[in-house]
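[1] whatever this is, show me its structure:
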Amino acid sequence: MPDEKGKKIIIDETSKILALDTSSDYLSIALSKGDKILNNVHLEAPRDHLAKLLPMIDELLNAAAVNLLEIDVILVGTGPGSFTGLRIGVATAEGLAQSLNKNIIGISSLDAIARGIERDQEHKYEGIVCTVVDAKRKEIYAKIFKQGESDSVPQVLDPVDLGNILKRYEERVVLAGDGLLLYGDLFKESLGERAVFARKELWYPKATLLVGLSLKKRATLAYRNVRPIYIRKSEAEERLKRLNRSQK
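    Numbering: from 1, shown residues only. So this is what the prediction gives:
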C-alpha cells in the first residue's frame, strides 16, 4: 500500500507511469515505461475534461497494450490553473491510485511548463524563465526559474507588478503561458528586448513533461496528500465570502 507519509520510491526504466494534466484548456495524458513514452495525447479540450479524461486514458492504455493494473505510478499536474480542471484531474488520479493501490505524485503544472522550455530542442533559450498563466480577474499565476531551478514560489500577481519584479533581473526573461495572450504586449513594453516569448506549443503543461520531472525528483506522495495548488480561493468561494460579510 502507498506510504501515506510520502516515502520516496525509486522510478527507473522498468516503471510504468500514467501521467495526466488538466490544469489548462488542454487535456494532456501520457503513458511511459521509465522515460520512454509509450503513448500520449495533448489536445485542446476547454470545459470538456470530465467527459474525455477517462475514455482517453482507456484509449491510450489499449493502444499501447498496457493493462491499468500494470501501472506503477500515477502522476498528476497540480496547477495552479483552472479550478474545475484541477479538481477533475486530481480527483481522477486519486481515485485511480486508491482503487489500484498505487503510488501517486503531484507535480506543479508551472514546473512542467518550465521543463518544456528547458528541454526544447528547437531553441536553446537563455536567461531566466517565468511562467505566466492566466488566473482570470486581470491576474496571472507566475513562477520564476533560474538555471532550471525554482527562483520563487508560485504567486498570483497583477501583470504590472510581475513586470516590475522581472525588471530586477539582469538576464533575458523567457516567458511562457497563456497569460501572454492577454498581457504579452505589457511584458514587451516593460522589459523591452529582454523579453523573449517561448514557442506557443510550450505555453501549456504537458503530461510527458511530468514524467521527466518525476524521474528527476524521485519523490512520491500518498493519494490522500496530493492537493491542487490553488493559491487563492475560487470566484464562487470569494462571492460566498462577500455574501457572508454583507449579512453580518
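[2] ok, the residue sitting nearest the centre point of the chain - contacts?
    Centroid check for the chain by CA atoms, centre = their mean gives Ser109 as the closest residue, at 1.3 Å. Each residue near Ser109 by CB atoms under 8 Å, 6 or more residues apart in numbering is listed here: 21, 23-24, 77-81, 133, 205, 229. Any C-beta I mention is one placed from the backbone N, CA and C, and that applies to glycine too.
[3] repeat for Lys206
    21, 26, 28, 30, 40, 42, 112, 116.
[4] ranking those residues by neighbours, who comes first?
    Asp21 (32 neighbours; other CB atoms under 10 Å).
[5] phi, psi for it please.
    Note on Asp21: its backbone torsions stand at phi -140, psi 130 [degrees, to the nearest 10].
[6] partners of it in the sheet?
    As for beta bridges, Asp21 partners with Ser28 under DSSP bridges.
[7] do Lys146 as well
    Beta-bridge partners, per DSSP bridges, of Lys146: Glu149.
[8] how close does it get to His123?
    18 Å (CB to CB, to the nearest Å).
[9] same check on Gly95?
    38 Å.
[10] mind checking the SS state of Tyr230?
    What DSSP: H, G, I helix; E, B strand; the rest coil gives for Tyr230 is coil.
[11] now what about the host helix or strand of Asp161, what contacts it?
    Secondary structure from DSSP states H and E places Asp161 in helix 159-166. Residues outside helix 159-166 that contact it (CB under 8 Å, 6+ apart): 128, 130, 132, 138-140, 142, 144, 157, 173, 179, 182-183, 186-187, 190-191.
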